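Participant: Output the structure for:
(2 chains)
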There are 2 protein chains.
Amino acid sequence: MVVDSLFVPYVYSFDQKHRRQPMQMKDLLGGKGANLAEMTSVLKLPVPPGFTISTDACRDYMVGGWPKSIDAEIKSHIAKLEKAMKRKLGDPSDPLLVSVRSGAKFSMPGMMDTVLNLGLNDKSVKGLAKVTGDERFAYDSYRRFIAMYGRIVLGVEGHHFEHPLEAAKDKAKVKTDAELTSTVLKELCEQYLEVVKKETGKAFPQKPEAQLRGAVEAVFKSWNGARAIAYRVREKIDHNLGTAVNVQTMVFGNRDDNSGTGVGFTRNAATGENVPYGDFLVNAQGEDVVAGIRNTEDLDALKAKFPKIHDELMAIFVRLEAHYKDMCDTEFTIEQGKLWMLQTRVGKRTGAAALRMAVDMTKGTVGSKGKKNSWKISKEEAITRVAAEHLDQVLHPQFESGAKKVIAKGLAASPGAAVGKVYFTADEAADASDRGEKVILVRSETSPEDVHGMMVSEGILTARGGLVSHAAVVARGWGTPAVVGAEAIKIDGKQFTVGDIVVKEGDIISLDGTTGEVVLGSLALQDAKPPKEFEIILKWCDQVRKGKMAVRANADTGEDATNARKLGAEGIGLCRTEHMFLAEDRLPVVRRMILAQNPAEEASALEELRKVQKKDFIDILKAMDGLPVTVRLLDPPLHEFLPNVHELEIEKATLPASEWTTEKAQLLKAAQEWAEHNPMLGTRGVRLGVVKPGLYAMQVQALMEAAADRVAKGGKPNVEVMIPLTVTREELALARSWVVKGIADATKGSTKKPKVSIGTMIETPRAALRADELSEEADFFSFGTNDLTQMTFGFSRDDVESRMMPAYLEGGLLKRNPFETIDQDGVGELVEIAAKRGRAAKPGIKLGVCGEHGGDPESIDLFYRVGLDYVSCSPFRVPIARLAVAQAVLASGGKKKSDTK
Amino acid sequence: MVVDSLFVPYVYSFDQKHRRQPMQMKDLLGGKGANLAEMTSVLKLPVPPGFTISTDACRDYMVGGWPKSIDAEIKSHIAKLEKAMKRKLGDPSDPLLVSVRSGAKFSMPGMMDTVLNLGLNDKSVKGLAKVTGDERFAYDSYRRFIAMYGRIVLGVEGHHFEHPLEAAKDKAKVKTDAELTSTVLKELCEQYLEVVKKETGKAFPQKPEAQLRGAVEAVFKSWNGARAIAYRVREKIDHNLGTAVNVQTMVFGNRDDNSGTGVGFTRNAATGENVPYGDFLVNAQGEDVVAGIRNTEDLDALKAKFPKIHDELMAIFVRLEAHYKDMCDTEFTIEQGKLWMLQTRVGKRTGAAALRMAVDMTKGTVGSKGKKNSWKISKEEAITRVAAEHLDQVLHPQFESGAKKVIAKGLAASPGAAVGKVYFTADEAADASDRGEKVILVRSETSPEDVHGMMVSEGILTARGGLVSHAAVVARGWGTPAVVGAEAIKIDGKQFTVGDIVVKEGDIISLDGTTGEVVLGSLALQDAKPPKEFEIILKWCDQVRKGKMAVRANADTGEDATNARKLGAEGIGLCRTEHMFLAEDRLPVVRRMILAQNPAEEASALEELRKVQKKDFIDILKAMDGLPVTVRLLDPPLHEFLPNVHELEIEKATLPASEWTTEKAQLLKAAQEWAEHNPMLGTRGVRLGVVKPGLYAMQVQALMEAAADRVAKGGKPNVEVMIPLTVTREELALARSWVVKGIADATKGSTKKPKVSIGTMIETPRAALRADELSEEADFFSFGTNDLTQMTFGFSRDDVESRMMPAYLEGGLLKRNPFETIDQDGVGELVEIAAKRGRAAKPGIKLGVCGEHGGDPESIDLFYRVGLDYVSCSPFRVPIARLAVAQAVLASGGKKKSDTK
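Facilitator: So this is what the prediction gives:
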C-alpha cells in the first residue's frame, strides 16, 4: 500500500481531524486557527465554517514568494466551503462571503490585517441584495469591503474613503453610517471604486479568487510590517514564526435589528470577579465594537433583547471555562437570531484580575452565585497563571488621596496612575517622549497605527470605546494605565475641551486607570495597594521556592532595605557603596580624598568617610537583621566623583584668569589624571583597591565597626564583603588579605564576633572561565551579569543600547535585548561554566546574581537551572522574582543542577 | 629499616650525589648551584669546594622568615668545608674564607648580591697576613670585604667607602688601588669599620657565623629588591621561584703576581666565530674584570704569562663544549699558579653569534683550526638554539654608510645602531625617557644600580670595561646597542669630552654597537643586514613548518606587503582598511561622507573613496599575487575620523562667533553625535556596517574591482573579505549577504573570477563561544586577540596598560602582560573553545590569528597547539614567527590538535 506521506498540506479545514489537540498545534495553525479548530472539532460550538492557511505557507512565502501548490489547495477548500454553505463565492444570485484574518502563534492584537466581506463585487452585491431582500445592507457591506480591501490589500490611504463618507453624511444631514440610505451607499460604492482606480492605477479586482489571493498575501506581508515588527520586539516574539491566515464564512451582525455582534468575557477581565462581562451592539459588525466608534451595551442588555441567545452564550461560557480551566474571551455574532461564535481564547486580564482568578479557581466555586464548579486548578497551576507583568501592574503606584479636580470620568480600562503632558497624535507623543517628556496620549479612539505613540505613553485616554476597545486591550496588555470612553471630552485639533475647560497640547493631566478619573494637573503618587490575592499567591510561591532559591534585593540604604524586606527580600544581594559616596554632603569629602596631596590629607578624608559609612551600614544591617547583606567595596572609576573634565577644560578656556581658582585647577588636574578612554574597562573595582588601598581598608573598617555595633546591641548581622571586577586569583587573594586584616583589626578583643564571609563578583569573562581558581579565595560568587553582558558582547550599554539595539532587534540580529533578558547562549554559558567550575573546586560555595537580570523571569529560569542559590534584584522586583523562581522550580519539576551530585 | 625520608635538606654540597643530573635540578639548586654541582661531581673540574642553600630555603624564608633548621645544616656543611680545606672559618692563625653568591633558576646578571672574603675579621686578617706572608693582600681583602658587606648586607651607601679610598690614593699620590701600601690599607680598614659603626649604629660583625647568616639573608632579601623585581618583569621570570645561595671557598686571584682571574668564552659570544675568547687580569679578583675598572688582557696574554694554565683552560673548554654541546662562558681564578674554575654555563650571545653557532654546530667542525669535533647537533636542535630576540637583534637597523664624525671608538659590545640624547645618570635617563625622549646612557662603567636607566636607553656607552663588563652583558641580553671601554671619553659631571669636543647632557650622539663607533649628531639608519646563517636557519624552520602552520603579515600598503613577502610572509592576515582612510588626502573625503546631509552627498564621497581604495587594493594584491590577502572591512568608530569633540567644544567656547564657521559647527555636531562613552565597546566593526551600509558596499566593490583588474592582467588574486566584531550569526549572515552581493555585482559577466572567501574576526568572548553558529556563515575565522584580551579581562589597553600593568606585574597579580603574551588560561581557552567549536561545525574552516600575539613566540606555541592554520604579525616579526612556529612544531613532536581526528 502506498501512502501519500510526502504531501504536507498548507491548508486545513476547521473540522480537520488532527492527530493532536488543535490547541497544541499553534505553531502550525496560529493561535486563532488552532482556536477555531478546537471550537469546531472539539467543543462543537456554532462556528461559521472555514479553513486555515498554515504558518508554513507564510514562512515559505517569506523565503521564496507565493507557494505554487497553495492555489489548488485553497481552491479545493473553497469548493468544500461552497458545498457546505450551499452558496458560491462571487455568485451573482446568492454569493458566499468570507473573512480573511491573520492569526500568529502568539496574539498580536491589531498588529496585522483583516479583510471582511470578501467575495463581493459589482454583480454579487446585487445577488446579496436580492437574497437578503436588503439592498441597504448589501451596499453597506460592499462599501465596507472596498474600503477595507483598498486600504489593507491595495495600500490606499484611509482618508480617501473617509472623506466621501463624511461628505455623504453631511449631504444627507445624518450623524451615523447606519442612517445612510441604500441609494447613498450605492453611490458611495461607486465613488470608492473610483478612488481605488485613481490611487492604484488599476480597477478594483472583481474576481473573488483574485480578491482572496490578494488578501492572503496582504496578511503574509503584514507579518513584516513595521507595526508588527515593533510589537514583536516589545513582546519578545520570534520574527521567524510567521502568521497563519484564517478564511471563514461571513456571518452578519449588521444584517438587521435581529442581528448584532459582541465580545464576551467569561469573567471580569479588569477585576477578576467571577461574573461574565461583555459588550455588544445591535446591527453592527465586529469592528464597530472593537474600534469603539459606537458606545456599546452590556450583557444585561443582551439578555433583555435576546434572552434565548443570552442563555445559549452563558452555557457556552460555562463549557469554555470547564474546557480551558481558565477565563476566556469570545467574539460572537448574532445573524438574524442565530448565534455564531467567531473566536474564543484564554483572555488577557489585568494584574488584579489575574491574581483573583488564580486564587478563585483553586477553590472550585462560582464566585457570586456560590455554586461549586465542576473543575478547579491546583495551587501550583495557580502560580503559573500569574505573569510577572501582572504583579508589576498591581505594584503600580496609585494617586494619593486628597483634593483633586476631576474634569472627566471614563471607563477604568487599565489600572494604575499616570501623570504626563497631553499629546494628540502618536507621532507627537513619540517625539515628546524622545525629548524625555512624560506623555499622556489623548485620542478619540486608537488604532494599530497609534501603537508607537501608545508604547511610549505613561497613560492613554480615549473619548470613545469600551473595555475591549483597541486602546483598552493594548494598554492592559502592557500594564499602561488607561481611561477609555470618556465621552465628555471633545477633541479638537491640538486641544480638548470639557465644558469650559480647555486642555492644550503640552498641558499636564493625571489619569487614574483604576477609577477612570481624569484630573487636571499633576497629582502626587503613592505606593500601590495590591489585592489580598497578591500575598496569597506569593505565599504559595515561597512554599514552592523553599530551600531551592532565595530572593534578595539590591539596596543601598536602610530605607530601601526595610522596603525590600517588606516585599519579601531574604537579604541584600548588592549594597553599592558608591551610592553612599555620591550624597551631596559626602561628595566634597570624597573629592578631598582624591585630591589629597599627601597621605595625611588622604587619611583625614577617609576618616570622615568612615564615620558616615559606618552609620549607613548600621542602618542597613539593622533593617536586614539576621539576613545576609552583601556589601560591594567601591566599584566605579574615581572620575565619576569628579566634575566632568571637558566642562572644566571649557571653563578654564573661557573664565577670566582671576576666576580660575586653585581649587578648580586641582579638580581639573585630578579629572585629567583619572580620565579614561573606556571607563567600563578601566581603573575600577578591585583595581581601584590596588591603586588606593586605603579606600578599601576604610570601607572594611566602617563595615566591621557597624557589624560590631549591631552585635553589641543584640543584633545578628550577617555580612558578606564583596570584591568587584576580579580577573585573577592573585588579585582576589590580595584583596581578601586586606579584608581579613580589616576584620581582624575591627574585631580584636571582642568575644561575640559578627558573621562575615568574603567573596567576589564574577563580571568579566575571564573571571567566569577561571572560577575554579577564584573559588579558592572566595566564600561566594555573585554574578554581575550587566557588565558580563557588556564585555561578552563588546556592547557598551551607554553607547550601544540606544544607538544599535533597536536596529538589531528589528533586523533580527539579536533575538532579545541582552540587557533585559540574559543571553542564554553566550553570557548564560559563561554563568553556567563559572557555576560548574566554582562548585567543582569548592562544593559549598554560595552562588548568586545581582545584575538587573536577577529580576527578569526568563533570566531567573536560567539561573535556577544552572544552580544558583539566590537572585537579587531591585526591591520592587522582589515579588516578581519570588513568582519567577517558583515558576522556574515548577517548570523544572523541582530539580536544579546543583541537586545532582 | 627506618629511612629518614621525611627530612628534606635545605643545604647541598657541590659534590652531593643527586639522583638526577645536577643541571636538571635548577629549580632546587638555582642555575649557578646546579652548575657548580655539575662541574664538581660530573665534569670533575677543579672547583673550590662549597655548598648550595636551596631555593626551598629562600621560598620558605619569604613566607615564614629564617627557617630554623637551616642553622644546623649550614654549621655541618661549614665543618665539612673546614675539614676538606684544613682551615677554619675565622681562625686567627689560618682562616678559611668563603664567598656568598646568589643563584636563581634563571640567570639574572648583577640583579642580586654577592659577598666575597667572608670570614675575615680583626683577628683572622692577621692570620691571613701571616700565613700568606702578605700583609698587603690580607688588608686589601679585609678592606674589600668590609666595604662589600657594609654595602650589601648592612645597607651602607657605597660612597661612604669610596670617599676614604679616593682620599687615601690622593694622599699617597697613586692612581690605582694596587699601588696602596699595607699600612694605608690597614688604616683604610679602620676607617671602614668606623663608617659602618657610624652609619648603622652597630659595630661591624666579627663572628663569622653572624657574617654568614647576614650575607645569606641579604641574598634572600635581594630576590625581592626593586632591581630584581623589575628585571623579572622585563624578562618574564616567575616571582615565586626564589634564589639559591652558594657558599664557596674563596680562592684569590689577587694573591700575588702568580695569581689572576678571568672570564672565558669557548667561542666568540659577539660574532659566533669558533675561537675561544676571554678577558683576564693578573693579581685581581673577579669583580675587577666584570666591573671593568681595569682594562683587561686577552687569552693570548694568558698564554704568554701562564702557558700551562692556558693549555689546561683550553682543554677544559673542549670538555665543556662536548658536555653541553654548546658555547659556554666560564669564570676562572689562578691562585699562586693553580687554576680554579668558579663558574661555567651555557653562555649568552648576540643574535649574529647565536645564528652562526647554531649553524656551525650542525657541521661538527672546529672553525678556525678545521678539526672535526667529536660532537654535533641536528638541524632541529639548531632551530631551538636560536631565540626570537636573536633574530630581532640581527634585524636591528644599521647606520647608513656615508660621511660621519667619529669622535671615539670603543669595544663593539652589543650590535645595532642607536641615536639619542646623552644622559649621564640612570635616573636622568629614565626621566628623559618618561618625557618621550630617546636616550643614550653614558657612564664610566655601569652597575646593577643603573639598570632602570639602561632599560629605557636606545644605546649604552661606557668609558671603561671589556666585552664581559656589566654594561656589555646586560646590553647584549636585551639586544640594546652598546659600545664599552671607549677610553678616549672623559666624563665630568653632566658632560663628556673627547679631546676638544664637549658633549653636554641632551646633545645627540649616534652609537654603532656593531663597529664600536661613537658619532656626534644623528646618523640616518638603514635596514639591518642579517648574517648568512639567518636565511639558513629560517629555511630549516620553513622545512619543519611546512604544511603545519603558515606565517602571514599584517600590512596595509603595497610597500608593506612587498617587504613582508621578502621577509617570508605567506600572505596577508590583516589589511586594515582604516589606515587607507586616515591618509592626509583622504580624511577630508571621509569626513564629507560622515557629514553628508543626504544620500547623494554620501554616495559622492563614497565614490571618491572607492577609487582610491581600489588603487590601494591593486597594489597589495599585486605584491601578494597568488597568496591569500585578508582585507578587513572598516573597523574603528567613525569619531576616529573626526576632530576631537572636546577640542572643538573649547574652540567654540573661545573663538569669536565670526570665526566659528559652519564647517566647524557641522564637524562639532557630527563629533558629538558619534562620540561614545566606551568606544572600544561601541559602534564599530560590523555595527558600523549596519549603521552605514553604503560604506561596506563601497569597500567590497573597490576590492572586487581591484581583484578583477588583477585577473585581467594575468594575476592570481586570492581575496579573503573579513567582517570585524561579529557577535551573532544573524549579524554575520547579514554582512555576508552584502559582501556576496558586492562580489556578484562586481564580477557580473566576467568569465575568469577572482578567488574570494568571506570570514569573520573572533574578537568578542561571545563570538568565541558561539563559533559553531558563526562558522555556518564563515569560510574562515581570524582571532583578534588584542580586543579579545581587552574584553575577556575588562582591560582597556589605553587606560590600564600604563596605569595598572606595572603594579600588577610587580605585585604578581598577573604573571604576564596579557597584551604581549596571550593569557593562556582565559583568553587562550576562548581561542581553544572557538577553534574546537568552529571546526566541529565546519571541519574545513580556516583558522588564523591577526592580533599582536601572532608575533609572540609563546603565544604562537598556544596557537599551534590549538590547531590554527596560520599566524599573522607585523612584517618585521615574520622571521621571528617562522622560527617560533618551527619551535612549536618541534616542541609538540610535530602534532597539533587539528591533526587528531
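Participant: for chain A, which spans come out with low pLDDT?
Facilitator: Counting by pLDDT under 70, chain A contains low-confidence ranges at A:1-6, A:110-112, A:290-293, A:365-373, A:401, A:448-449, A:468, A:477-479, A:802, A:896-901.
Participant: Go through it and flag its longest helix.
Facilitator: What stands out as the longest helix in chain A, according to DSSP state H, is helix A:599-623.
Participant: Show me which positions of that one end up buried.
Facilitator: A:602, A:605-606, A:608-610, A:612-614, A:616-623 (16 or more other CB atoms under 10 Å in any protein chain shown). Every residue, glycine included, has its C-beta placed from N, CA and C.
Participant: Repeat that for stretch A:92-103.
Facilitator: With burial defined by 16+ other CB under 10 Å, the residues of stretch A:92-103 counted as buried are A:P95, A:L96, A:L97, A:V98, A:S99, A:V100, A:R101, A:S102, A:G103.
Participant: got it, and stretch A:831-850?
Facilitator: By neighbour count on 16+ other CB under 10 Å, the buried set for stretch A:831-850 is A:831-839, A:842, A:845-850.
Participant: is it anywhere near chain B?
Facilitator: No - against chain B, stretch A:831-850 shows no contacts by CB under 8 Å from any CB of the partner chain, the least distance being 9.1 Å.
Participant: Restricting the selection to alpha carbons, write that stretch to PDB.
Facilitator: Provided in PDB are the C-alpha atoms of stretch A:831-850 (Å, rounded to 0.1, in the frame of the first residue of the first chain):
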ATOM      1  CA  VAL A 831      27.400  31.800  34.000                       C
ATOM      2  CA  GLU A 832      27.000  28.100  33.700                       C
ATOM      3  CA  ILE A 833      30.700  27.400  33.200                       C
ATOM      4  CA  ALA A 834      31.600  29.600  36.300                       C
ATOM      5  CA  ALA A 835      28.900  27.900  38.400                       C
ATOM      6  CA  LYS A 836      30.100  24.500  37.400                       C
ATOM      7  CA  ARG A 837      33.800  25.200  37.800                       C
ATOM      8  CA  GLY A 838      33.300  27.100  41.100                       C
ATOM      9  CA  ARG A 839      31.300  24.300  42.600                       C
ATOM     10  CA  ALA A 840      33.700  21.600  41.300                       C
ATOM     11  CA  ALA A 841      36.600  23.300  43.100                       C
ATOM     12  CA  LYS A 842      34.600  24.300  46.200                       C
ATOM     13  CA  PRO A 843      31.400  22.300  46.500                       C
ATOM     14  CA  GLY A 844      29.800  24.600  49.200                       C
ATOM     15  CA  ILE A 845      30.400  27.900  47.500                       C
ATOM     16  CA  LYS A 846      27.400  30.200  47.600                       C
ATOM     17  CA  LEU A 847      26.300  31.500  44.200                       C
ATOM     18  CA  GLY A 848      24.000  34.400  43.400                       C
ATOM     19  CA  VAL A 849      23.300  37.000  40.800                       C
ATOM     20  CA  CYS A 850      22.900  40.700  41.400                       C
END
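Participant: Please list which of the buried residues of helix A:599-623 are also close to chain B.
Facilitator: When CB under 8 Å from any CB is taken as the criterion, no member of these contacts chain B.
Participant: re the thing from before, out of the buried residues of stretch A:92-103, list just those in strands.
Facilitator: A:P95, A:L96, A:V98, A:S99, A:V100, A:R101, A:S102, A:G103 (DSSP state E).
Participant: can you redo the residues you listed as JSON lines with distance to A:A708?
Facilitator: Listed next are those as JSON lines, based on distance: CB to CB, whole Å:
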{"residue": "A:P95", "distance to A:A708": "88"}
{"residue": "A:L96", "distance to A:A708": "85"}
{"residue": "A:V98", "distance to A:A708": "79"}
{"residue": "A:S99", "distance to A:A708": "75"}
{"residue": "A:V100", "distance to A:A708": "74"}
{"residue": "A:R101", "distance to A:A708": "69"}
{"residue": "A:S102", "distance to A:A708": "66"}
{"residue": "A:G103", "distance to A:A708": "65"}
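Participant: excluding its backbone neighbours, what's nearest A:Q24?
Facilitator: Residue nearest to A:Q24 in three dimensions, not counting chain neighbours: A:A34, with 7.8 Å by CB to CB, 6 or more residues apart in numbering or on different chains.
Participant: so after the strand or helix carrying the one you found, what's the next helix or strand?
Facilitator: A:A34 belongs to helix A:26-37 when elements are defined using DSSP states H and E. As assigned by DSSP H and E, the chain's next helix or strand after helix A:26-37 is strand A:50-53.
Participant: Now do that following strand: distance to the chain's middle.
Facilitator: Centre-to-centre, strand A:50-53 and its host chain are 30 Å apart (CA atoms, centre = their mean, to the nearest Å).
Participant: Could you list the paired strands of that strand along with their orientation?
Facilitator: Pairing partners of strand A:50-53, with direction, according to DSSP bridges: strand A:11-13 (antiparallel), strand A:243-249 (antiparallel).
Participant: Export only the CA atoms of the helix or strand just after the longest one, formatted as PDB.
Facilitator: The C-terminal neighbour of strand A:243-249 among helices and strands, as given by DSSP H and E, is strand A:260-265. Extracted as PDB, the C-alpha positions of strand A:260-265 are listed here (Å, rounded to 0.1, in the frame of the first residue of the first chain):
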ATOM      1  CA  GLY A 260     -25.700  42.000  16.400                       C
ATOM      2  CA  THR A 261     -22.200  41.400  17.400                       C
ATOM      3  CA  GLY A 262     -20.300  41.400  20.600                       C
ATOM      4  CA  VAL A 263     -17.300  40.500  22.700                       C
ATOM      5  CA  GLY A 264     -17.700  38.500  25.900                       C
ATOM      6  CA  PHE A 265     -15.500  37.500  28.800                       C
END
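Participant: Provide the strand pairings for strand A:260-265, with the direction of each partner.
Facilitator: For strand A:260-265, the paired strands and their directions (DSSP bridges) are strand A:277-282 (antiparallel), strand A:328-335 (antiparallel).
Participant: Please tabulate those in CSV, including the columns mean neighbour count.
Facilitator: CSV is the format used below for those (neighbours: other CB atoms under 10 Å in any protein chain shown):
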stretch, mean neighbour count
strand A:277-282, 24
strand A:328-335, 23
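Participant: Would you format the ones you listed as CSV with distance to A:G742 included?
Facilitator: Putting the strands paired with strand A:260-265 into CSV (distance: least, CB to CB, whole Å) gives the following:
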stretch, distance to A:G742
strand A:277-282, 63
strand A:328-335, 61
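Participant: Checking my notes, A:K363 in a helix, right?
Facilitator: No - A:K363: not assigned to a helix; according to DSSP: H, G, I helix; E, B strand; the rest coil it is coil.
Participant: Can you tell me which of the strands paired with strand A:50-53 is packed in deepest?
Facilitator: When those are scored by mean count of other CB atoms under 10 Å in any protein chain shown, the highest mean neighbour count falls to strand A:243-249 (a mean of 27).
Participant: ok, back up a step: next structured bit after the longest helix of chain A?
Facilitator: Moving toward the C-terminus from helix A:599-623, the next helix or strand (DSSP H and E) is strand A:628-632.
Participant: Need the CA coordinates for that next one. CSV is fine.
Facilitator: The C-alpha atoms that make up strand A:628-632 are tabulated as CSV, following Å, rounded to 0.1, in the frame of the first residue of the first chain:
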residue,chain,number,x,y,z
PRO,A,628,22.7,38.2,54.7
VAL,A,629,23.8,41.6,53.5
THR,A,630,26.3,41.7,50.6
VAL,A,631,28.3,44.9,50.6
ARG,A,632,30.3,45.6,47.5
